[in-house]
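Colleague: I'll drop the sequence and a predicted model, then ask my questions.
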Amino acid sequence: MTRSQIDWALWRTFLAVADCGSLSAAARHLGLSQPTVGRHIEQLETSIRRRLFLRSQQGYLPTEEAAALMTEAKDMAFVAESLERRASASTNDASGIVRLAASHVVGTEILPWLFGPFMEAHPGLEVELALGNSNADLFRHEADVAVRMVRPTQDNLLARRIGTAFAGLYARTEYLDRHGRPKMLADLSGHRLIGPDRDAASIGFLEGLDPALSRRSLRLRCDSEAAQLTALRAGLGIGICQRGIAARDASLEAVLPQSFRFPMECWLVTHDDLRHVRRIRLLFDHLASTLPEWL
């Protein structure tokens, strides 16, 4: 096997072992046997004449040479997944796969409630929900449609402003009954605050609201916004929540609503080349008509 003839399946296995850290975990992820995964790694290393993993008691650790290949291998994975989605049906069919990217909070608190009527109306459609704090790159085929809470800046994107979501500080009523309701910003220092851990953008956002809201002021830190919201609902302290989400939860109460009320623009985005693919356009238009009410 020459370098130009390397089977994509070997690179897919390479990425799985790098992500999972062991042959057994990668085998479960890929639905293959552990010996098959081991053979794939051996074949790839032989083909490119490089050692890709250090075998240790801690598992399979990527070498520096493996790390240097990771970006291109991930690009191949994105293209392969995009090809599979595009080949799942013709551009005129109301069937096939659509991959939708959104934040953890939007993906867990809002989108599932919007999918029911849509999927009932289009039984041939399959929706892949990709959740993360970073914006999916539509040019690298990471998603077909994205819900973004910031204005898109890239060219060649079809972007529609859905509306504005307002967020503020909230806490469970039982927590405020026990610990008191802050009357001014200085009162927050006596409370358990919930917020980000290592996400520099989120930490910078908080500090921009008020210098007192530094990382060190947060008693419970986690970069998952969905986990922060769960902690908020569990009565662990005060944290940020979208007003539309809080309005549907009678146990949550606004904290210092006059001081903390910050807007976030919501945008629906797809690549301009995909605007005429019917299954993608169907989901795009459905979200454009239903998301505003939920914000």
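Modeller: Received, thanks. Residues are numbered from 1 along each chain as shown.
Colleague: For the helix or strand harbouring A16, C-alpha coordinates in CSV please.
Modeller: In this structure, A16 sits in helix 8-20 according to DSSP states H and E. Extracted as CSV, the C-alpha positions of helix 8-20 are listed here (Å, rounded to 0.1, in the frame of the first residue of the first chain):
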residue,chain,number,x,y,z
TRP,A,8,-9.8,6.4,4.7
ALA,A,9,-10.9,3.8,7.3
LEU,A,10,-7.4,3.7,8.7
TRP,A,11,-7.4,7.5,9.3
ARG,A,12,-10.8,7.2,10.9
THR,A,13,-9.5,4.6,13.3
PHE,A,14,-6.4,6.8,13.9
LEU,A,15,-8.7,9.6,15.0
ALA,A,16,-10.8,7.3,17.2
VAL,A,17,-7.8,5.9,19.0
ALA,A,18,-6.4,9.5,19.5
ASP,A,19,-9.7,10.7,20.9
CYS,A,20,-10.5,7.6,23.1
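Colleague: There's contact between C241 and G168 in this structure, I believe.
Modeller: Yes. Using CB atoms under 8 Å, C241 makes contact with G168 at a distance of 7.2 Å. The C-beta positions use only the backbone N, C-alpha and C, and glycine is treated the same way.
Colleague: More neighbours: these two, which one.
Modeller: C241 (26 against 18; other CB atoms under 10 Å).
Colleague: Could you verify that that one is part of a helix?
Modeller: No. Using DSSP: H, G, I helix; E, B strand; the rest coil, the secondary structure at C241 is strand, not a helix.
Colleague: who touches it in this structure?
Modeller: By CB atoms under 8 Å, 6 or more residues apart in numbering, C241 lies in contact with 167-170, 229, 232, 252.
Colleague: same for the helix holding A16, what does it pack against?
Modeller: If you count contacts as 3 or more CB pairs under 8 Å, 6 or more residues apart in numbering; DSSP states H and E, helix 8-20 packs onto helix 23-30, helix 34-48, strand 59-62, helix 64-87.
Colleague: Flag every buried residue along the shortest one.
Modeller: Along strand 59-62, these residues count as buried under the neighbour rule (16 or more other CB atoms under 10 Å): 59-60, 62.
Colleague: How about exporting the helix or strand where E120 lies as CSV, limited to the C-alpha atoms?
Modeller: Assigned by DSSP H and E, E120 falls within helix 111-121. The C-alpha coordinates for helix 111-121 follow below in CSV (Å, rounded to 0.1, in the frame of the first residue of the first chain):
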residue,chain,number,x,y,z
LEU,A,111,-34.3,22.9,20.0
PRO,A,112,-35.8,19.6,21.2
TRP,A,113,-39.1,21.3,21.7
LEU,A,114,-39.1,22.6,18.1
PHE,A,115,-38.2,19.3,16.4
GLY,A,116,-41.5,17.4,17.1
PRO,A,117,-43.8,18.9,14.5
PHE,A,118,-41.0,19.2,12.0
MET,A,119,-40.0,15.5,12.2
GLU,A,120,-43.6,14.4,12.2
ALA,A,121,-44.1,16.4,9.0
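Colleague: So which residues make contact with the very next helix or strand once past it?
Modeller: Sequence order places strand 125-131 as the next helix or strand after helix 111-121, per DSSP H and E. Strand 125-131 is contacted by residues 85, 88, 94-104, 107-108, 111, 115, 118-119, 136, 142-143, 279, 282-283 when judged by CB under 8 Å, 6+ apart.
Colleague: now, which of those residues lie within helices?
Modeller: Taking DSSP state H, the ones among these that sit in helices are 85, 104, 107-108, 111, 115, 118-119, 279, 282-283.
Colleague: From those residues, list just the buried residues.
Modeller: Buried among these by 16+ other CB under 10 Å: 85, 104, 107-108, 111, 115, 118, 279, 282-283.
Colleague: Just give me the closest of those residues to R215.
Modeller: Of all those, R215 sits closest to H104, with 19.6 Å by CB to CB.
Colleague: How about the contacts made by the closest one?
Modeller: By CB under 8 Å, 6+ apart, the contact list for H104 reads 131-133, 224-226.
Colleague: hmm, try it at 7 Å
Modeller: 131, 133, 224-226 (CB atoms under 7 Å, 6 or more residues apart in numbering).
Colleague: what's the answer for V145, then?
Modeller: V145 touches 98, 100, 270, 280, 283-284, counting by CB under 7 Å, 6+ apart.
Colleague: Report the beta-bridge partners for it.
Modeller: L100, T270 (DSSP bridges).
Colleague: pLDDT at it, what is it?
Modeller: Per-residue pLDDT puts V145 at 92.
Colleague: The one 10 residues further on now?
Modeller: In this prediction, D155 carries a pLDDT score of 70.
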